[in-house]
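[1] show me the folded form of this:
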Amino acid sequence: MATNMRGLTQYISDIRACRVRELEEKRINREMAHIRQKFKEGQLDGYQKKKYLAKVVFTYILGYKVDVGHMEAVNLISSTKYSEKQIGYLALTLLMHENSDLVRLVINSVRKDLEDNNEINNCLALHAIATLGGKEMAEALGEGVYRALISATSTTFVKKKAALTLLRLYRKHPTVLPAKDWAERIVSMMDDHDPGVSLTATSLVTAMCQDEMEAFEGCYEKAVKKLDRIVFDGDYPAEYVYYKVPNPWLQVKLLRLLQYYPPPESQRVVEMIGSVLQGILDISQETPRNVQHNNAQNAVLFEAINLAIHVDPDSVVVHNAGVLLGRFILAKETNVRYLGLDAMAHLAACSTSLEPVKKHQDTIILSLKDRDISVRRRALDLLYSMCDLTNSKVIVGELVRYLQVADYNLREEMVLKIAILTERFATEYEWYVDTILQLISAAGDHVGAEVWYRVVQLVTNNEDLQPYAASAVFQHLQAAQVHETMIKVGGYVLGEFGHLIANEQGCSPIEQFQALHSKVNLCTAPTRALLLTTYIKWVNLFPEIKDHLINIFERYTHVLDAELQQRACEYLALARRPDTDDLLASICDEMPVFPERESTLVHRLHAKGSKSQDKRTWVIGGRDENQERQGQRFKAFRQGTQDSNGSSGEAAAPVVSRAQPAGPSAAAAAPAPVERREPERKETLVDDMMGPAANGRSESDIMSSLADLDLGATTAAQEEPLLSGNGGGMVQSPMEERGPDGEFTPLTATLGGVDPVLVAPLTVAPNIEKWFERLTYANEGVLYEDKQVQIGLKSEYHGHQGRLAVFIGNKLSHPFTAFRCSIDNPAGEALGLTFHDAPVSEIQPQSQVQELIHVECKDVFTDPPVLRVTYLAGSFTTLVLRLPVVVSRFVEGVTLEQAPFFERWKIIGGAPREAQLVFPIKLTPTGDLDLARNIKVVGGNRLSLLSGIDPNPNNLVMAGVLHSSTAGKVGILGRLEPNKDAKLCRMTIRSTNEKVSAEVLRLASKPLNADLAAS
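    Modelled structure (predicted):
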């Protein structure tokens, strides 16, 4: 390029000749001024534009900011000369970004080059599309790139670049490209005669099939057959043999692709996969001749081992691979040790037996001291996956010892894994408490709040553990240096259970006080606030040290921190109340048992892992965790490999099903001492509201039991706080269903199909839309009814949490058997749903059961959950009903005066945070506005009606706050302005979140809209 442009050559020589940066900047500024003047004057031919633009690009590459040449680049792209077009595209991709306004100007030129018959122009256009990769460019040119890929006239060179460009666009904007519509043609490209095209097409299919498994199901058998031809038939060109390994890049891609699908049901396909994998293992026995041969051979081998584990962890191939892995983790090469440990961790995470892995336990523990940190990390993952009751003390002990010398970027992950393993496999109270406290002492800075929260929960919920925990914490507080997290644990445990050891020698109340208070100067304000709460509990428990504690409260009434000062003043007032007053004893009563819930430690560990590495087909952990994850991944997959006809069905939403009470960790059975008790059925707020049926069978007629449901009334929100967590020890299990015998069995979709219950459409029946709409603004009503069954619903909400009681009544004279129910959650992580009560497998004639569901709003959502009920009554019946859990149910009304209301109204402003709709309304039979219905619907959406704001008495002004646990609070303001003469109504909603505005407007306006209302 430079040899054809003497000016550019001279400019580069001048830059290189500059000895200091000041001279370089001076030369560049002079040249940029000259170029700017030339561009301003215009009348430049193509060669001059190319020359000056090349100088601009070179200056930009040196790291200097440039503000000229953008329009010239746009113009050069349209040139018919390759040299000018090349410089134009180079400048375009370097000087512009995907959100640049100038990108819109080049879309037509890029499209023209993409559709040109010249492959060079095609490739330049594809490079630009892939490099910029904006959403607007993907929408405009994605179809053109797809046509370039499948066109019979495209050269193999263009096809390869087109496939990689589509891959780039899909990774950045997966929703823009219609992958499902293109699936069949893209899959067919895997059989292209050119191995390069086949390789790039396989890469594209691998990315797309993770989101559209059914649409791309035809790729499975193609991949198996292609592997078979490569391994056994030698179906590959000679130039694609890399150091005696046939096309290793394509082999690795195909082996990875097969891992994204469930194991096939077709025996023919299973046998073909087994023979291919065994063939790869046999070939790998050859001694590599050099490093390149070794790397290529190992790349294919380890991917084959991972596929063998995925298909059948207990197969002969996996057994043979396990022997090889034992040798690999002892290899001298760091890469081989790394891959061996990673594959062995996969085996431990999926295999039914850990014995093949336990044989190498000592070697794996030694790998924790490897000089390479990546090997140490893989050894840590493997130890975590292979831990069970038989080796937990050894592994946890080694991890705790290694923690003190481990790298700082490993410590947080190690702390999480040690805490999970200790809780999961604890068989003795003492070992659990000692290990966790030792963990906090050794790595306090890396111990997250979830760890010590979990300790507090388990100690509180296990009465036999409390005295030992209090004694152990007190001993740790005796040390000269104590971490703040240990002080937090000590403050809580001694405040609640210090009285259990107060009579032991050396543990008197004054000694407990001195041990804790001596560390107060090392603490931050939140920890000091916790200690003040501990002291007020001691005022109630230990009158002999009351004077010392009152003195502390008096001193803290003068601190600058508002939280500490307020606590101290309130606690001081309580402490000075007379001894005959029972208020202090009531306030300082022992903490109740925490509602059992799944440990958050596992979720945090997996979230951390997903951010730090590429997508993988398995997770670090035990077999149960991976089975659950595979159930979630494959639940919507219905078609088998033996029936690869390309048909696709509606993908099922995430399923939340009933699960049995679990132990301290959802991933494993609880140890005997730290055991969860079966929750007893007690009278709760829901019982008071709904009656004590609670899954029991009522002999009264089902019709009479639901006759008192008011389909129109609005019940005020309950003020009593709701149960938090998963309540009653029930644990969310995303892919389990209750079987006919009442036991839970995993629902795993395979290539042969999936349970038809999961793909059944919504039930259609008269009045079903009316019932659902009424329940979106009422707390009770009928959800569904026919000749066999009646389903009623009552609900209550408080803040971001709520509870639903679903009454399912059998109206027949014979029982419902094989009863199952589950919930699809299309809102995903934005909405939490869990069942509460014990499972039921049968409903007796003329009786009802109650299913209690806990709901939690975590973020804004628009799609309600779907209840699936299946039972056998002569024939199998499946009901698929929407549950009236909408975002407005998590709103709580607020009261505002006129001035604050309009101030907030103006601050929020108009669009996009304002949503407005004008719709027709119905008048009463007398021709008046139906104000009572307006008030009922608005109030039913839990918005407070504000008086004195609007002078028109027919208009309604409302306000509320949406509560969510993750996204926080969202303020909502609204106005409803009906017009009797025009029979129209205008509703305006403003909120601090545009999604909330639109959704609340939809929910509140639909029941009032004469054209849309069903109720």
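[2] just checking: what are the partner strands of the one helix or strand Gly802 maps to?
    In this structure, Gly802 sits in strand 801-810 according to DSSP states H and E. For strand 801-810, the pairing partners within the sheet under DSSP bridges are strand 789-798 (antiparallel), strand 848-857 (antiparallel).
[3] mean neighbour count for those - can I get that in JSON lines?
    C-beta coordinates here come from the backbone N, C-alpha and C atoms, glycine included. As requested, those are exported to JSON lines (neighbours: other Cβ atoms under 10 Å):
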{"stretch": "strand 789-798", "mean neighbour count": "22"}
{"stretch": "strand 848-857", "mean neighbour count": "24"}
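[4] Ile823 is nearest to which of these?
    Checking the strands paired with strand 801-810 against Ile823 by Cβ to Cβ gives strand 848-857 as the closest, at 7.3 Å.
[5] now the closest one - C-alpha only, CSV.
    Taking C-alpha atoms only, strand 848-857 is exported to CSV below (Å, rounded to 0.1, in the frame of the first residue of the first chain):
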residue,chain,number,x,y,z
GLN,A,848,-60.9,-30.6,48.1
VAL,A,849,-57.2,-29.9,48.8
GLN,A,850,-55.3,-26.7,49.2
GLU,A,851,-52.0,-25.9,47.5
LEU,A,852,-50.2,-23.1,49.1
ILE,A,853,-47.8,-21.1,46.9
HIS,A,854,-45.2,-18.5,47.9
VAL,A,855,-44.4,-15.8,45.4
GLU,A,856,-41.7,-13.1,45.4
CYS,A,857,-41.3,-10.2,43.0
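[6] run the angle between the following helix or strand past it and strand 789-798 for me.
    Sequence-wise, the next helix or strand downstream of strand 848-857 (DSSP H and E) is strand 866-873. With axes from the mean of the first three to the mean of the last three Cα atoms, to 10 degrees as the basis, strand 866-873 and strand 789-798 are set at 150 degrees to each other.
[7] buried residues, the next helix or strand after strand 866-873. List them.
    Stepping forward along the backbone from strand 866-873, the first helix or strand reached (DSSP H and E) is strand 875-882. Taking 16 or more other Cβ atoms under 10 Å as the basis for neighbour counts, the residues of strand 875-882 that come out buried are 879-882.
[8] stretch 286-294 now?
    Within stretch 286-294, the residues that count as buried by 16+ other Cβ under 10 Å are 288, 293-294.
[9] starting at the chain centroid, how far to that stretch?
    For stretch 286-294, the separation from the chain centroid amounts to 42 Å (computed by Cα atoms, centre = their mean, to the nearest Å).
[10] again, but for stretch 945-963
    Counting by Cα atoms, centre = their mean, stretch 945-963 is centred 37 Å from the centre of its parent chain.
[11] I figured His360 hits Leu347, correct?
    No. Applying Cβ atoms under 8 Å, one finds His360 not in contact with Leu347, separated by 10.9 Å.
[12] comparing those two, which shows the higher neighbour count?
    Legend: neighbour count by other Cβ atoms under 10 Å for His360 and Leu347, higher for Leu347 (25 against 22).
[13] name the element the closest residue to the more buried one other than its chain neighbours belongs to?
    Among residues not flanking Leu347 along the chain, Ile309 sits closest, at 5.4 Å (Cβ to Cβ, 6 or more residues apart in numbering). Taking DSSP H and E as the definition, Ile309 sits inside helix 291-311.
[14] other SSEs contacting that helix?
    With contacts defined as 3 or more Cβ pairs under 8 Å, 6 or more residues apart in numbering; DSSP states H and E, the secondary structure elements packing on helix 291-311 are strand 245-246, helix 248-258, helix 267-283, helix 316-328, helix 334-350.
[15] want to throw those into a markdown table with mean pLDDT and distance to Leu8?
    As requested, these are arranged in a markdown table below (pLDDT from 0 to 100; distance: least, Cβ to Cβ, whole Å):
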| stretch | mean pLDDT | distance to Leu8 |
| --- | --- | --- |
| strand 245-246 | 90 | 44 |
| helix 248-258 | 93 | 38 |
| helix 267-283 | 89 | 52 |
| helix 316-328 | 87 | 53 |
| helix 334-350 | 89 | 44 |
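[16] could the ones you listed go into TSV alongside distance to Pro845?
    Supplementary listing: these in TSV, determined by distance: least, Cβ to Cβ, whole Å:
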stretch	distance to Pro845
strand 245-246	68
helix 248-258	50
helix 267-283	45
helix 316-328	51
helix 334-350	45
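[17] of those, which is nearest Val849?
    If you check each of the helices and strands packed on helix 291-311 against Val849 by Cβ to Cβ, helix 334-350 wins as the nearest, at 37.3 Å.
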